[in-house]
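J.: with the input below, show me the fold.
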Amino acid sequence: MRAQFSVLLALSSLVFVVAPLAAQQTQPKPEDTEIWEPVPAVVTPGATCGAPPSDAIVLFDGKNLDEWVSAQDHTPAQWIVHDGIVTVSKAKGVGNIETKKKFKDYQLHIEWRIPENITGSGQARGNSGVFLASTGPGDDGYELQVLDSYNNKTYVNGQAGSIYKQSPPLVNPNRKPGEWQTYDIAWTAPTFNDDGSLKTPAYVTVFFNGVLVQNHFELKGQTLYIGKPFYKKYDSAPIKLQAHGDKSEPISFRNIWVRELP
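T.: Numbering: from 1, shown residues only. Got it, this is the predicted structure:
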């Protein structure tokens, strides 16, 4: 019995010796969680706030609309370029414009201005829209609303900074008419299965004049004027700017650029 006890005592002592050694051998190291490759590409930021970085596609730099076409028939865009800005043309038959290039996921910077002498009220006061994916003629696409919401009452999911008819902005950081406003947008396009069913929804994050107003919002589908949203399969799509049919003075845009995201 004493011999057996001595063996057990020796074994237990061995366990107490081995356990700390094992713990030392499996102790995590800083190197275990270090990632060295692939190395992110070097991108030179814009020289001033809002200026395009070195990897951006400049969609409008104040000179021409070479990157844009009519959304209706893909003829050259006919909005009015002047003094480094582009102003919506509400002439009959002109309509919306969209980018020649199609996009999936991207970062977009765009600046817009409501005229200082704006008239009208509600949705008829400086109405326009940035369509984050213009999915085809007759489709509503996915709209980030543009409107004078400085002191203008309307439905909250239709004011500036809203994902139209789906998500009101978290706050209202509008500047007064006559001052430039800025949208900085991160768009994650929806993806679809082969049969057309939704695989992953669209998401959007929006900073409005530097203030977060849409925080990784999950869209429920296209932003419809009437009815419930739904998804319709598409692969990639242009970015569209709206020439709204309201009678108020037309708004202007400047400094538009986009970065495609992997």
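
J.: quick check: buried residues in stretch 79-97?
T.: 79, 85-90, 94-97 (16 or more other CB atoms under 10 Å). Backbone N, C-alpha and C define where each C-beta goes, glycine included.

J.: who touches it?
T.: Stretch 79-97 is contacted from outside by 60, 62-65, 68-72, 77-78, 113, 128, 131, 134, 240-245, 250-254, using CB atoms under 8 Å, 6 or more residues apart in numbering.

J.: dump the buried residues of stretch 79-97 to TSV, plus pLDDT, distance to Asp235 and secondary structure.
T.: Putting the buried residues of stretch 79-97 into TSV (pLDDT from 0 to 100; distance: CB to CB, whole Å; DSSP: H, G, I helix; E, B strand; the rest coil) gives the following:
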residue	pLDDT	distance to Asp235	secondary structure
Trp79	98	27	coil
Ile85	98	32	strand
Val86	98	28	strand
Thr87	97	32	strand
Val88	96	28	coil
Ser89	95	30	coil
Lys90	90	32	coil
Val94	93	28	coil
Gly95	93	24	coil
Asn96	94	21	coil
Ile97	96	21	strand
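
J.: which pair of the residues you listed spans the longest distance?
T.: When CB to CB is used, the two most widely separated members of the buried residues of stretch 79-97 are Ile85 and Gly95, lying 19.2 Å apart.

J.: doesn't Ser162 make contact with Val156?
T.: Yes - look at Val156 against Ser162 with CB atoms under 8 Å: they come within range, at 6.9 Å.

J.: what touches both of those two?
T.: Counting by CB under 8 Å, 6+ apart, the shared contacts of Val156 and Ser162 are 168-169.

J.: and these two? Which one has more around it.
T.: For the pair Val156 and Ser162, the greater number of neighbours falls to Ser162 (26 against 13), based on other CB atoms under 10 Å.

J.: tell me the spacing between the more buried one and Val258.
T.: Shown here: Ser162 relative to Val258, a distance of 21 Å by CB to CB, to the nearest Å.

J.: do Glu34 as well
T.: Applying CB to CB, one obtains 33 Å for the distance of Glu34 from Val258.

J.: where does the chain dip in pLDDT?
T.: Low-confidence segments of the chain, defined by pLDDT under 70: 1-24.

J.: domains for it, by residue range?
T.: Residue ranges for the domains of the chain, per automatic domain parsing: 2-33, 57-260.

J.: so which of those domains is the most surrounded?
T.: Burial among the domains of the chain, expressed as mean neighbours by mean count of other CB atoms under 10 Å, is greatest for domain 57-260, which shows a mean of 18.
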